[in-house]
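[1] need a structure here:
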Amino acid sequence: MGEFVGIDPSGAERLMHQLTTGKNVLAQTRPGLEAAIAEAGASWTGQQGAAAMHRSWAFFDDTQRDLKWRIDTLKQMVPSSGNGLLSGVLTFNNEAEAARQGKADAAPIAAALKKHDVENSVKSWREVMAAVAVTKGKLNDPAYAASLLAALGPDRFRALFMHWMKDKGTAAMNNGLPPSVLQQGRESLGPLAEAYANAERAGRLGQEWNKFIETTDTGMLTTLVAMSKPSRRLLNQVALRELRRPLSTDGPNWNLNVLMEAYEADPEALQTLLAENKDAAAGLLHPGRFGRTGLPDFEKRLAGVLDKAMRPDAGDDRVRERAWVNIISGVGADGTPWLGGQWVHTALAPPNYKGSPISQVLAKNVVPYLDKLARVDAKESSSKLKSLYPPPPWDKLDAATASRFFGAVMQDKTAADTLFKGWHEYTMRMDIGRFHPFDSDEKMRAGFVYRSALSGGAANLLLWGSTHAEWSDDEYADWIAGVMLMHVDWLSNRYSDIANPSAATGRDRLQDELKDGLKEQITGYFDGKTTDTAEKVTKDIVDSQVRWVTESLARYRQKPLTETDLEMIDKAFHGRLSKALTEALKQRGG
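    Below you'll find the predicted structure:
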């Protein structure tokens with residue numbers, strides 16, 4: 001039995017850094033000193049010469065290695081306490097002893113496995129499991145685990161699991177195992193899974209293990225995950241292997257069940273996966289992935305884990321934003337399967353997005369980033385206003401991708417309503433009315449332009465996206481009318497005499513009449529009650545907005561609007577919204 005140890009990890013890390021600095025100084029000094037000693041020959045007057053420096057370097061190195069071994073071991077054994085200290089009783093006295101024991105314990109496992117390869121009997125397999133059981137209680141030591149694995153080697157280690165899994169069904173190595181079977185296996189092969197996870201977490205696996213993840217069946221990899229406490233790195237490596245597989249419909253995909261359980265326990269690991277791998281989001285959120293797993297309520301479970309990983313307060317802000325950019329890029333890619341694109345396998349049934357928990361989670365959690373996405377559109381529609389450009393990593397997106405993402409999500413009406421409400425609140429928070437479009441102060445005019453560009457940018461993305469929503473014509477017309485009336489809302493709220501009750505009532509009545517008129521124009525176009533083109537309907541709608549606003553401003557402003565004022569409002573409305581509205585009407589169809 002080893003000693004009881006208590007360590008302050010942060011203090012030990014500082015000491016190891018100082019030891020590294022000392023080693024570097026000695027390493028730089030030693031060659032010159034040795035050359036000087038050789039040149040001086042017999043006239044050298046120092047005692048012991050460079051030998052003392054060699055011993056000093058070795059002392060620093062040995063101390064550093066011992067500290068690292070102790071910290072690695074304690075981190076595997078116990079969580080940090082409130083004051084940051086780690087403490088526990090080490091199984092071995094030193095790293096060398098742990099490594100020797102790991103190699104020694106591997107020998108009977110290898111011998112028993114070799115015998116089982118020949119006999120292939122229940123008795124011979126029990127002998128293998130008995131040899132594995134000897135490792136229990138020692139696996140918290142990563143030096144022991146690494147030495148055990150080094151002695152076994154990747155091929156023998158893999159064979160141990162394959163022997164156990166081969167009678168669990170033909171799909172086990174590809175699709176993994178259900179929880180009940182994994183629980184049975186944990187009692188026997190669990191120590192080996194822990195050994196791998198512990199050695200990997202401590203960075204002690206040898207080079208021979210570099211290709212293990214890429215050359216091992218995914219069913220075995222998820223078995224390792226389920227039977228151990230994997231690091232985020234290992235968990236995400238296994239997830240990527242699973243997500244790179246072709247979409248499958250041959251029975252329940254228990255691999256995904258294991259991954260969801262692991263990400264439920266550590267949602268920030270999923271956030272990291274989505275942020276660091278641009279293809280992970282497209283793979284995980286592919287409708288054929290979450291819609292055809294054969295697992296009950298899987299989409300709901302995935303939505304719950306995604307919510308934990310992507311909610312505004314989850315993890316690191318910068319990591320989360322990179323994850324969002326990859327999600328939007330994946331879901332909104334050209335040919336996205338969310339919109340019936342080319343990635344959907346012909347054998348897969350068309351996905352149903354109504355009542356989609358994933359759409360609702362994406363909508364809820366993307367709302368805080370509407371400003372960033374509005375800037376993506378504003379960059380393209382107002383390219384001269386560089387101060388409106390989106391910051392990294394949002395600058396990697398384009399408006400078409402963002403609008404397709406919104407379109408994918410908005411196929412669920414609840415998600416669409418969430419986005420519309422979020423956009424409305426975002427626009428109202430701008431308090432655009434504080435900025436006068438015709439003020440003599442340049443900053444006031446600039447404030448109006450910038451904020452209307454952002455509001456219009458978000459509106460454009462929603463308008464383009466809404467063409468994919470499966471709503472009734474009346475619902476769709478009501479939605480478009482609500483978007484188009486936003487400019488009317490903030491201009492009339494700012495300049496109308498809303499302090500006067502009768503004036504406010506009159507304004508509201510006129511706004512209701514305007515909205516009804518807009519809806520009538522839109523539904524008339526959809527129903528084929530007019531021969532007007534989408535361009536003509538758009539022009540009529542925007543003209544009616546401009547007319548309403550200019551008449552309202554003229555009615556309540558003390559100073560009448562000039563021709564240039566009227567022109568500015570007309571161009572602002574047409575420039576910001578016409579293109580998106582026209583495309584929305586065309587795609588929806590008349």
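
[2] To what extent is T564 buried, counted in neighbours?
    When counting by other C-beta atoms under 10 Å, one arrives at 9 neighbours for T564. Where C-beta positions appear, they are placed from N, C-alpha and C, glycine not excepted.

[3] what pLDDT does it get?
    You'll see T564 listed with a pLDDT of 71.

[4] Just confirm it is within a helix.
    Yes. Judged by DSSP: H, G, I helix; E, B strand; the rest coil, T564 forms part of a helix.

[5] what about it, distance to A104?
    Between T564 and A104 the computed distance is 90 Å (C-beta to C-beta, to the nearest Å).

[6] Then F161?
    According to C-beta to C-beta, F161 and A104 sit 22 Å apart.

[7] Of the two, which one has the most company?
    Between F161 and A104, F161 has the larger neighbour count (other C-beta under 10 Å), namely 22 against 13.

[8] wait, doesn't that one sit right on T223?
    Yes. Using C-beta atoms under 8 Å, F161 is in contact with T223, at 6.4 Å.

[9] what's the overlap in contacts for the two?
    When contacts are counted by C-beta atoms under 8 Å, 6 or more residues apart in numbering, F161 and T223 have L189 as shared neighbours.

[10] what residue ranges in the stretch 351-500 of the chain are flagged as low confidence?
    Confidence mapping of the stretch 351-500 of the chain against pLDDT under 70 gives the ranges 351-353, 431-439, 469-472, 479, 482-500.

[11] mind listing the strands in the stretch 151-300 of the chain by residue range?
    Under the criterion DSSP state E, counting those that start in this stretch, the stretch 151-300 of the chain carries no strands.

[12] can you list the weak-confidence ranges in it?
    For the stretch 151-300 of the chain, the stretches with pLDDT under 70 are 248-249.

[13] Please enumerate the helices of it.
    For the stretch 151-300 of the chain, the helices identified by DSSP state H, counting those that start in this stretch occupy 172-175, 179-201, 212-215, 218-226, 232-243, 254-265, 267-276, 280-284, 287-290, 298-310, in order along the chain.

[14] what's the answer for the stretch 351-500 of the chain, then?
    Assigned by DSSP H, counting those that start in this stretch, the stretch 351-500 of the chain shows helices spanning 357-366, 370-381, 399-409, 413-429, 442-466, 473-484, 486-495.

[15] Leaving out the residues flanking it, which one is nearest to R245?
    Nearest residue to R245 in three dimensions, chain neighbours excluded: T218, at 6.4 Å (C-beta to C-beta, 6 or more residues apart in numbering).

[16] pretty sure the one you found is touching A171, no?
    No. Between T218 and A171 there is no contact under C-beta under 8 Å: 10.9 Å.

[17] and the two? which has more neighbours close in?
    Taking other C-beta under 10 Å, T218 and A171 do not tie; T218 has more neighbours (22 against 16).

[18] got a list of what that one touches?
    Contacts of T218 (C-beta under 8 Å, 6+ apart): 173-176, 238, 241-242, 245, 255.

[19] now those as JSON lines including distance to A202 and neighbour count?
    Formatted as JSON lines, the contacts of T218 follow (distance: C-beta to C-beta, whole Å; neighbours: other C-beta atoms under 10 Å):
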{"residue": "M173", "distance to A202": "28", "neighbour count": "20"}
{"residue": "N174", "distance to A202": "30", "neighbour count": "19"}
{"residue": "N175", "distance to A202": "30", "neighbour count": "26"}
{"residue": "G176", "distance to A202": "26", "neighbour count": "29"}
{"residue": "V238", "distance to A202": "18", "neighbour count": "24"}
{"residue": "R241", "distance to A202": "22", "neighbour count": "17"}
{"residue": "E242", "distance to A202": "24", "neighbour count": "22"}
{"residue": "R245", "distance to A202": "29", "neighbour count": "14"}
{"residue": "N255", "distance to A202": "26", "neighbour count": "28"}
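
[20] Distance to P312 added to these, as a markdown table?
    Below are the contacts of T218 laid out as a markdown table (distance: C-beta to C-beta, whole Å):
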| residue | distance to P312 |
| --- | --- |
| M173 | 40 |
| N174 | 37 |
| N175 | 35 |
| G176 | 33 |
| V238 | 28 |
| R241 | 30 |
| E242 | 28 |
| R245 | 32 |
| N255 | 30 |
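
[21] Closest one of those to A130?
    Lowest distance from A130 to the contacts of T218 (C-beta to C-beta) belongs to M173, with 25.0 Å.

[22] what sits against that closest one?
    By C-beta under 8 Å, 6+ apart, the residues touching M173 are 162, 165, 217-220.

[23] Dump these to JSON lines, plus distance to L273.
    Listed next are the contacts of M173 as JSON lines, based on distance: C-beta to C-beta, whole Å:
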{"residue": "M162", "distance to L273": "27"}
{"residue": "M165", "distance to L273": "25"}
{"residue": "D217", "distance to L273": "20"}
{"residue": "T218", "distance to L273": "15"}
{"residue": "G219", "distance to L273": "20"}
{"residue": "M220", "distance to L273": "20"}
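
[24] Among those, give me the pair with the biggest separation.
    Spanning the widest gap among the contacts of M173 are M162 and T218, at 13.2 Å by C-beta to C-beta.

[25] still on that earlier bit, can I have the buried ones of the contacts of M173 as a PyMOL selection?
    Per 16 or more other C-beta atoms under 10 Å, the buried members of the contacts of M173 correspond to this PyMOL selection:
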select buried, resi 165+217+218+219+220
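
[26] quick one: which of the contacts of M173 is nearest D377?
    For the contacts of M173, the nearest to D377 is T218 (39.7 Å; C-beta to C-beta).

[27] how close does the closest one sit to L189?
    In terms of C-beta to C-beta, T218 sits 17 Å off from L189.

[28] Likewise for A281?
    Distance, A281 to L189, by C-beta to C-beta: 33 Å.

[29] With A323 instead?
    A323 sits 34 Å away from L189, going by C-beta to C-beta.

[30] which of the two has more neighbours?
    A323 (26 against 22).

[31] I'd say the more buried one and A269 touch.
    No. Counting by C-beta under 8 Å, A323 does not reach A269; the two are 11.4 Å apart.
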